[in-house]
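Peer 1: Got a predicted structure plus its sequence, pasted below:
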Amino acid sequence: MDEAESSLGRGNFKHIGNKAKRQAEYRKYRAGKRKDKLARRVAQAKEEKGADGQEKKRARLAENRTRTIENTRLENPTIISEPNSHPGLKPSQAVIDAQQQASGSSKPKDKTDDEDGDDGDDAEEEVDEAALAAEEERAFEDASAPPAILITTSAPSSSTSPHLASVNARSHPAERTRDFIEELLNMFPGGEYRPRAKAKGASLGKIAGWARKRGYNAMIVIGEDHKQPTMWTLIGLPEGPTAVFRLTSVRLGKEIGGHARSTPHSPELILNNFTTALGHSVGSLLQSLFPSIPQLEGRQVLTAHNQRDFIFFRRHRYEFALRKGEEKARLQEIGPQFTVKLRKLMPSLPKGAGGWDGVVDFDGDGSGAVMDMGGGGEAGAEAAEAAPKSKRARGQVEETTSEFTWKPKMGVSRRNFYL
Amino acid sequence: MSDDIIWTVIGHGHCSYKLKSATHNTFCRNAYNLTGLCNRQSCPLANSRYATVREHEGKVYLYVKTAERAHSPAKMWERIRLNSNYSKALEQIDQELPYWSNFVVHKAKQRLTKITQYLIKLRKIRLKEEEQPKLVGINQKTERREATREQKALRAAKLEKSIEQELLNRLKSGAYGDAPLNVNEDVWQSVLEGRKRKEANAEEEDGLDLVDEESDEEDEQLLSDMEREWEEEEGVGERDFVSDDDESDEDDEDDMEDGFYGSSGEEGDSVDGAEESDAEDDDDDDEASAKGPSAAGSKRKQPSSSAGARPSKAAQGKKGKRPRGGKPGIEVEYEEERETQPLSREELANW
């Protein structure tokens, strides 16, 4: 390549005063360069078609790796696992050692349950369904039952702007949000929608406390702005984390061309590229929204794919087929498609939830069964008898520190990602 | 005495704190005024003995002014912190202002009541505020930037591809169990076949490892062939007693049977047969055997030319993938079997 260029000259034609001539010379130079490049590439292609072609091609590609943002991501000490959909940062040696020590042998998972066909988390092996099906926390629950989810909207605007048609217009969610909620109810068969009250409305914390008492497993709050759904809050219920996301690019199922029909089968989950500790928290929160044992006959797959801190949600119906003797997976999109970016993660419930005595009251009457949460059966019963105050004591401050808060200046460096 | 003089001047004339209003009584803007109106009784300037209740940062104070301190304006007002408890604060006012005019005491208590009430309200509002959604302004720059980055991230994500890849991985790795509900029969069959082929590959590789260690190449081939046959062929090691007569014929028959039926169950051998056929090109062999086993195989290809083209082909015929979308029929050659066993007297004669 160097030889060719030197024969063409250095591409500097400033010394030629005649514009026509100068232009012609430059054009010749450029054409020459193009020709040389083409010749080189044709020769390369010919070589790679011949003997050992595959290996040569592989070697060439390995040497000239394209720089991507994922490639050049800044080192993050909280990375626990490798991303599974593209080559990226690996966990540091210290993390690997710690993991191996913690698990003893070379067992991959130390955290969440790994039910049959459930997570694609970090390309790890699936473990026997029977072996891991029983977990202490869920001993009482049927693992294939869809978790009960309470869906609501954010507090209605308290604006008294005169251009709004009526009081009702102010306090009810907009059409787009309503449609989105309807699709969410399809997505979560255990979901229930309760509209948010305007006057004397309860704060989010109080609602979370109420939902916890009533035995819900999770809560979803959809925030609105300019008649569009823009915020998505996920609250894992008994003392779970609160995650606030910015919601964008919402496309309803009916807007997607050629969309499949949604069925209430519990989907398989694919969680891609949740690599850091924070990513794992978010991933496990998303997992808790769905039953741990999917109904494979439904052939539905829900994907939460994290790319550069944007989590893309897709729902597909899949089918395996043979094309030219090779197995292929074919997808048809169902239901809503949206993108979500984490703004804030709090390890506790939102402020205002108060204390809880562990009594779960499924019907709303006084009859409450003590929920055996994490080996606290006896303690729970005692607590119920002692009837502790659910309101916080005077002088006691509720802890609502946030584990992660996103600020715009975090986005200045385009190589730093948190999930 | 001087109070009256002060009042005649400011009350009827000019007072900087006075606010005249057409519809209401005159107001007094002085911070220490008890009632807020401009009266002879209420004016803090015109009364040398005066008291007010004021609050600062949530703390309520009683300010008292006496004639004795009228000469030092800096220390004129005595500030007394009142109790946070309302009733105790009332008692405190009574204690601090004994024998004072009813007007001042009464108004002071009224003021205390009002202040306490609005402080309570403030606290309630602040509590509620913490639970109310916080309104955040929309930053156009941030929104635009995030939207662009989202689009680029979406393109980098290659969603459909990665989902399909993940599903295929799960299918092939057996995450769906032995009789999965979400797969077609033929697809599942092809997956199972793929697995068997992989196992066969793995076995082959083991066989070839042994080959590499040996030096004599011709013996190498024969030995390796025999070992492979040993691993895969059924009936290896079985003994029975045969007569002397027609030994060679019986051997031949056995060979044929093995060639036909014995190895049909094992795909490795049947595919062998397909590749064995001379009709296949060398190129096909190269491509199909691009991977492991034939890496060694191709090594052996060169030196084995003296041993004959056929034995060498037979040797490396193993595996690799059958070319995809390949020929439906499987051809089995008897010659293969003969080559892998030592040639009998008859065959040597006919060679």
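Peer 2: Received, thanks.
Peer 1: can you pull out the helices in the chain?
Peer 2: No chain was given, so I picked chain A. A:2-8, A:19-49, A:53-63, A:93-103, A:129-132, A:167-171, A:175-187, A:204-213, A:277-287, A:377-386 (DSSP state H).
Peer 1: The intended chain is chain B.
Peer 2: Counting by DSSP H, the helices of chain B are B:2-12, B:86-96, B:102-131, B:140-157, B:159-173, B:185-213, B:217-232, B:247-257, B:267-276, B:282-288, B:292-301, B:309-317, B:334-340, B:345-350.
Peer 1: Mind checking the pLDDT average for the first one?
Peer 2: Think helix B:2-12. Helix B:2-12 shows a mean pLDDT of 91.
Peer 1: For it, C-alpha coordinates in CSV please.
Peer 2: Taking Å, rounded to 0.1, in the frame of the first residue of the first chain, the C-alpha atoms of helix B:2-12 are listed here in CSV:
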residue,chain,number,x,y,z
SER,B,2,-42.7,61.7,76.2
ASP,B,3,-45.0,59.0,74.8
ASP,B,4,-47.7,61.5,74.2
ILE,B,5,-45.4,63.9,72.5
ILE,B,6,-44.2,61.1,70.2
TRP,B,7,-47.7,60.1,69.5
THR,B,8,-48.8,63.7,68.6
VAL,B,9,-46.0,63.8,66.1
ILE,B,10,-46.2,60.5,64.4
GLY,B,11,-49.8,59.6,65.1
HIS,B,12,-51.2,62.7,63.4
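Peer 1: ok, back up a step: with distance to A:R194, mean neighbour count and mean pLDDT as extra columns, can I get the helices of chain A in a markdown table?
Peer 2: Quick note: C-beta positions are derived from backbone N, CA and C, even for glycine. Shown next, in a markdown table, are the helices of chain A (distance: least, C-beta to C-beta, whole Å; neighbours: other C-beta atoms under 10 Å in any protein chain shown; pLDDT from 0 to 100):
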| stretch | distance to A:R194 | mean neighbour count | mean pLDDT |
| --- | --- | --- | --- |
| helix A:2-8 | 71 | 11 | 58 |
| helix A:19-49 | 62 | 12 | 95 |
| helix A:53-63 | 55 | 11 | 91 |
| helix A:93-103 | 41 | 12 | 85 |
| helix A:129-132 | 34 | 12 | 48 |
| helix A:167-171 | 14 | 14 | 59 |
| helix A:175-187 | 10 | 18 | 95 |
| helix A:204-213 | 8 | 22 | 91 |
| helix A:277-287 | 21 | 21 | 95 |
| helix A:377-386 | 26 | 13 | 41 |
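Peer 1: Count the neighbours of A:V221 for me.
Peer 2: Around A:V221 there are 23 other residues, counting by other C-beta atoms under 10 Å in any protein chain shown.
Peer 1: and stretch A:31-38, C-alpha only, in PDB?
Peer 2: Listed next in PDB are the C-alpha coordinates belonging to stretch A:31-38 (Å, rounded to 0.1, in the frame of the first residue of the first chain):
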ATOM      1  CA  ALA A  31      -8.600   7.700  -8.600                       C
ATOM      2  CA  GLY A  32      -5.300   6.100  -8.300                       C
ATOM      3  CA  LYS A  33      -5.700   5.600  -4.600                       C
ATOM      4  CA  ARG A  34      -9.100   4.200  -5.100                       C
ATOM      5  CA  LYS A  35      -7.800   1.700  -7.600                       C
ATOM      6  CA  ASP A  36      -5.000   0.600  -5.300                       C
ATOM      7  CA  LYS A  37      -7.400   0.100  -2.500                       C
ATOM      8  CA  LEU A  38      -9.800  -1.900  -4.700                       C
END
